[in-house]
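**Q** A predicted structure for the sequence below; I have some questions about it.
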Amino acid sequence: MEIRRDVFQAIADPNRRAIISLLAQNKLTLNGVAEQFDISRPAISKHIKILTECGLITINKQGRERYCEAKFEKLSEVSEWAEQYQKFWTTKLDALENYLKELQEKPTLKTNKHGKRKNK
């Protein structure tokens, strides 16, 4: 049974996000990637496999070496998904900001020494 993976699963793990960040700067060999982490080589291989299955990196053979390279096109799925919530929260936060401004502009009611309210 083959496990279907998507880009959201890939970026859910902090080690995979770190690998993507690392490869965003340079393409590296598999060993070059593994040297940057304090986890086992098999664990790195598993992360690389998941990132490859999700289309976030490609592995290209050059001579005897295999180089990993980031492919950011698939991250557009995450960006588009997050954008819809950004619009939602921006609207909500703008409404909250307006409400708080209204509250600040209203006169506050204070009480006098007899406990009766008076306008400020």
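**A** Done, it's in.

**Q** other SSEs contacting the longest helix seen in the chain?
**A** Counting residues, the longest helix found in the chain (DSSP state H) is helix 75-105. Contacts defined by 3 or more CB pairs under 8 Å, 6 or more residues apart in numbering; DSSP states H and E place helix 75-105 against helix 7-12. C-betas here are computed from N, CA, C, even on glycine.

**Q** Tell me which other helices or strands the helix it packs on touches.
**A** helix 14-25, helix 41-53, helix 75-105.

**Q** can you list the domains in the protein?
**A** Per the record, the chain has its domains at 7-70, 78-112, by automatic domain parsing.

**Q** mind checking the end-to-end distance for the first one?
**A** For domain 7-70, the first and last residues are 13 Å from each other (CA to CA, to the nearest Å).

**Q** quick one on the thing from earlier: of the domains of the chain, which shows the lowest average pLDDT?
**A** Among those, domain 78-112 has the lowest mean pLDDT, at a mean of 83.

**Q** rewinding a little: tell me which of the helices and strands packed on helix 7-12 sits nearest to residue 8.
**A** Across the helices and strands packed on helix 7-12, the minimum distance to residue 8, taken as CB to CB, is reached by helix 75-105, at 6.8 Å.

**Q** Cheers, nothing more for now.
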